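**Student:** Dropping the sequence and predicted coords here.
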Amino acid sequence: MAETADGDEADLDAFLEKFRGAQRYEGALSPTNWEQEFDQIPMFMKKAPSEIDPKQNPDLACLQSIIFDEEQTLEGNYRSALNDAIAARKLKPNHLKAITRGALCHLELKHFLEAMTWCEEGLRIDPKEKTLLETRTKADRLKRTEERDLRKAKLQEKREQSQKDALLKAIKDRNIKLSPASSKEDTAVSEGFAEMSLDGLGPESAVNAKVCLDENASLTWPVLFLYPEHGQTDFISAFHEGSRFIDHLTVMFEELPPWDVERKYLPSELELYFEDEERAEIYQIDTETTLLKALQHQRYFVKAGTPTFLVLVKLAPFSKNYFFGKKVHQLK
């Protein structure tokens, strides 16, 4: 008997050991990260993720689908109930229960004016009907809130449109040209200026950067510098039109970047160019000039709302190779 008892105890220890070591049961929570893993279980989540990937969270995606279907079903039920109420009133116009149910359905469907109308019709039958009185009050409050929000949205839209129109006028008054590829019609030009942004350009700091008209009626632009020799870029989110290029280059290269292993990107040794894509030509810009003057060049076209310039080193072998076979308009 003793041997049997010892054997059973050994079997039990071996069984329990599976749950202590690497052979823990499938789906077990990690001893070190169990709280984080626990929060990933849909039933115990404190906050649902903003986006649900069905592959990563199939259970949560399934629940979301069920909730959506229930919401759709709920709305369908209200519409079905409303149709029943309408049908009942055709048979008996003063059917108070049908009127009350119809008013509630209109309220849930956000038909606030219709809900108030049904309540008024019911209250002419029974002026003290509590549900109709409460529903009318709630519908009236929600209707006023909806109208207020609509007024605010229209006012904001009008304000934004006014700002866009002022911005467009400021750009046109300065004889700054938009890229022909983006301006097939005057309407397209207006929309192009209004929606100038750098979404998806690349650098994180560039996202949502736009040309702006400040309180002093001056323009600030997002500007991109390209260093073709090293495949690098620099981005200035707010380049004032009255600022000189050399001032920005001096700050940017106060400390030489790690990719400039030859230490040749000194502000005094840099040259600035822009490319005329339509003619496949390159123009040099004086680094002492302002952004506004550069943008007013007869062959400069702002593309995607982002003035872009090439930065090269004077007399560098790469520069000579880069310009080979291209028509370059050097400064005189």
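**Tutor:** Sure, I can see it. Residues are numbered from 1 along each chain as shown.
**Student:** which regions of the stretch 1-150 of the chain lie under the pLDDT threshold?
**Tutor:** Low-confidence segments of the stretch 1-150 of the chain, defined by pLDDT under 70, span residues 1-8, 10-76.
**Student:** What ranges does it have for its strands?
**Tutor:** Using DSSP state E, counting those that start in this stretch, the strands of the stretch 1-150 of the chain do not appear at all; there are none.
**Student:** now the helices for it?
**Tutor:** The residue ranges that make up the helices of the stretch 1-150 of the chain, judged by DSSP state H, counting those that start in this stretch, are 2-20, 34-39, 58-91, 96-108, 112-125, 130-173.
**Student:** quick one, phi/psi of K177?
**Tutor:** Its backbone dihedrals place K177 at phi -110, psi 140, with angles given as degrees, to the nearest 10.
**Student:** Who does it form a beta bridge with?
**Tutor:** K177 forms beta bridges with F301, as assigned by DSSP bridges.
**Student:** How much space separates it from L91?
**Tutor:** To L91, K177 is 71 Å away according to CB to CB, to the nearest Å. Bear in mind the C-beta positions are built from the backbone N, C-alpha and C, glycine included.
**Student:** So which of these two has more stuff around it?
**Tutor:** Here K177 and L91 are set side by side on neighbour count (other CB atoms under 10 Å), and the busier one is K177, at 18 against 8.
**Student:** what does the model give that one for pLDDT?
**Tutor:** Looking at K177, its pLDDT is 92.
**Student:** Quick one: residues contacting it.
**Tutor:** With CB atoms under 8 Å, 6 or more residues apart in numbering as the criterion, the residues that contact K177 are 300-302.
**Student:** Next, format these as TSV and append distance to F274, neighbour count and pLDDT.
**Tutor:** Formatted as TSV, the contacts of K177 follow (distance: CB to CB, whole Å; neighbours: other CB atoms under 10 Å; pLDDT from 0 to 100):
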residue	distance to F274	neighbour count	pLDDT
Y300	6	20	95
F301	9	19	93
V302	10	20	93
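**Student:** check contacts around the closest residue to L249 other than its chain neighbours.
**Tutor:** In space, L249 comes closest to P267 once its chain neighbours are excluded; the distance is 4.7 Å by CB to CB, 6 or more residues apart in numbering. With contact taken as CB under 8 Å, 6+ apart, P267 is in contact with 246, 249-250, 253, 287.
**Student:** try H329
**Tutor:** For H329, the contacting residues are 281-284, taking CB under 8 Å, 6+ apart as the criterion.
**Student:** out of the residues you listed, which one sits closest to K326?
**Tutor:** Among these, I282 lies closest to K326 (CB to CB), at 5.7 Å.
**Student:** what about that closest one, neighbour count?
**Tutor:** With other CB under 10 Å as criterion, I282 counts 17.
**Student:** quick one on the thing from earlier: pull out the buried residues from the contacts of P267.
**Tutor:** Restricting the contacts of P267 to buried positions leaves 246, 249, 253, 287, with burial counted as 16 or more other CB atoms under 10 Å.
**Student:** average pLDDT for the strand or helix carrying the second one?
**Tutor:** Of the helices and strands defined by DSSP states H and E, L249 is found in helix 245-252. Along helix 245-252, the predicted local confidence has a mean pLDDT of 95.
**Student:** Can I get that helix as CSV, trimmed to CA atoms?
**Tutor:** Once non-C-alpha atoms are left out, helix 245-252 reads as follows in CSV (Å, rounded to 0.1, in the frame of the first residue of the first chain):
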residue,chain,number,x,y,z
PHE,A,245,17.9,81.0,-46.9
ILE,A,246,21.4,81.6,-45.5
ASP,A,247,20.0,82.3,-42.0
HIS,A,248,18.3,78.9,-41.9
LEU,A,249,21.3,77.1,-43.4
THR,A,250,23.5,78.7,-40.8
VAL,A,251,21.3,77.3,-38.0
MET,A,252,20.9,73.9,-39.6
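**Student:** Which other helices and strands does it contact?
**Tutor:** Under the contact criterion of 3 or more CB pairs under 8 Å, 6 or more residues apart in numbering; DSSP states H and E, the helices and strands touching helix 245-252 comprise strand 232-240.
**Student:** what's next to the strand it packs on, contact-wise?
**Tutor:** The set of residues that contact strand 232-240 without belonging to it, under CB under 8 Å, 6+ apart, is 202-203, 205-206, 209, 212, 218-227, 248, 252, 257, 259, 291, 307.
**Student:** number of nearby residues for the closest residue to H95 other than its chain neighbours?
**Tutor:** Take H95 and drop its neighbours on the chain: the residue closest to it by CB to CB, 6+ apart is A88, 5.2 Å away. Burial of A88 is recorded as 16 neighbouring residues (other CB under 10 Å).
**Student:** quick one: A88 from D247, how far?
**Tutor:** Counting by CB to CB, the gap from A88 to D247 is 78 Å.
**Student:** Next: R174.
**Tutor:** 20 Å.
**Student:** same deal with M116?
**Tutor:** 64 Å.
**Student:** Show me what counts as buried in stretch 136-144.
**Tutor:** Along stretch 136-144, these residues count as buried under the neighbour rule (16+ other CB under 10 Å): 136, 138-139, 143.
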